[in-house]
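In: sequence first, then the predicted structure, then my questions.
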Amino acid sequence: MSDVALRRFKKGWMNLLVTKVIKDTHDTHTFIMEDNEDSGRVFDYNAGQYLTFRFDDIGPKPLVRSYTMSSSPNQGNYSAFTVKRVEGGVVSNWLCDKVVEGSILRARGPIGKFCYNPATDNKHLIMVAGGSGVTPFVSIMREYSDKLGRPGSPEKMTLLVSYRSREDLICWEDLLAINKVHGAKVFTTLSREDASVEGFWHGRIDHAALERTIGGAYNDATFMTCGPTAIMNMTVEHLKMHNVPDKHTKLESFES
């Protein structure tokens, strides 16, 4: 799908039918969608891109939010996004409380450059995430896990993701499967629970965790980070300390 001219787009706002709602964790839901008029997925996208949604009935004025697709282009004829409840989050809480199978959501896209680009990125992709910021990386890792080393794909992928506890393990089954793939590695740290006997790291993402994850590959990788501002700032600071060029650092905020 690197050739934009061959990609399918549906112009304007789409009406997307929610065909399934999956409760990932106690406060996180994944919404599976197909086009309500034409069925299936009527657009192509790159792993890491997002859809922009418009909500007309939540408040006195329309609200617009963007959500990265947690699905991957190679999965099937549908798209999906994953939402975590946020304290005071008007849209995220409405989605988790009100949207059910059969609901219609209005969206347009796909949009975004938070993707692996084989023309400019290094062959080792290192990703750092916190909480629901893991969703674009689940999409990216699922997309490339069965074709690492092939033309147009990374050779290696490494993910460091932070959750609060084992109750907050978003997309966990996907990550367990990806971690078994040769060339892919997932490191998981829990900030509020010590489960080191089960193989988890303990504590927040810090310079030591980043150094342990990167393993000296500062000059050989392209870095992507997504999630809370504190984690993104920590990652950027760490990479600057090790003279990683800005062109090999990509950021996507999940706090809007």
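Out: Thanks, I have it.

In: does residue 32 touch residue 16 like I think?
Out: No. Residue 32 is beyond contact range of residue 16, at 9.8 Å (criterion: Cβ atoms under 8 Å). Yep, even glycine has a C-beta here, placed from its N, CA and C like the rest.

In: now do the shared contacts for these two.
Out: Common contacts of residue 32 and residue 16 (Cβ atoms under 8 Å, 6 or more residues apart in numbering): residue 79.

In: neighbour-wise, which of those two wins?
Out: More crowded of residue 32 and residue 16, by other Cβ atoms under 10 Å: residue 16, with 25 against 20.

In: ok, now which ones touch the nearest residue to that one once chain neighbours are set aside?
Out: Residue nearest to residue 16 in three dimensions, not counting chain neighbours: residue 33, with 4.1 Å by Cβ to Cβ, 6 or more residues apart in numbering. Residues in contact with residue 33, defined by Cβ under 8 Å, 6+ apart, are 16, 17, 18, 19, 78, 79, 80, 81, 105.

In: do the same with residue 77
Out: Per Cβ under 8 Å, 6+ apart, neighbours of residue 77: 34, 40, 41.

In: from those residues, list just the buried residues.
Out: 34, 41 (16 or more other Cβ atoms under 10 Å).

In: which one of the contacts of residue 77 is nearest residue 243?
Out: For the contacts of residue 77, the minimum distance to residue 243 (Cβ to Cβ) is 41.4 Å, reached by residue 41.

In: who's in contact with the closest one?
Out: 34, 35, 76, 77, 78, 79.

In: just the contacts of residue 77: which are in helices?
Out: Among these, no member is found in helices (DSSP state H).

In: now the contacts of residue 77 in TSV, please, with extra columns for distance to residue 137.
Out: As requested, the contacts of residue 77 are exported to TSV (distance: Cβ to Cβ, whole Å):
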residue	distance to residue 137
34	24
40	25
41	21
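
In: columns distance to residue 95 and pLDDT on top of the contacts of residue 77, output as JSON lines?
Out: Below are these laid out as JSON lines (distance: Cβ to Cβ, whole Å; pLDDT from 0 to 100):
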{"residue": "34", "distance to residue 95": "17", "pLDDT": "98"}
{"residue": "40", "distance to residue 95": "22", "pLDDT": "95"}
{"residue": "41", "distance to residue 95": "20", "pLDDT": "95"}
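
In: just give me how far stretch 38-48 sits from the chain centre.
Out: Centroid separation for stretch 38-48 versus its chain: 16 Å, with Cα atoms, centre = their mean, to the nearest Å.

In: still on that earlier bit, beta partners for the residue nearest to residue 16?
Out: residue 18, residue 79 (DSSP bridges).
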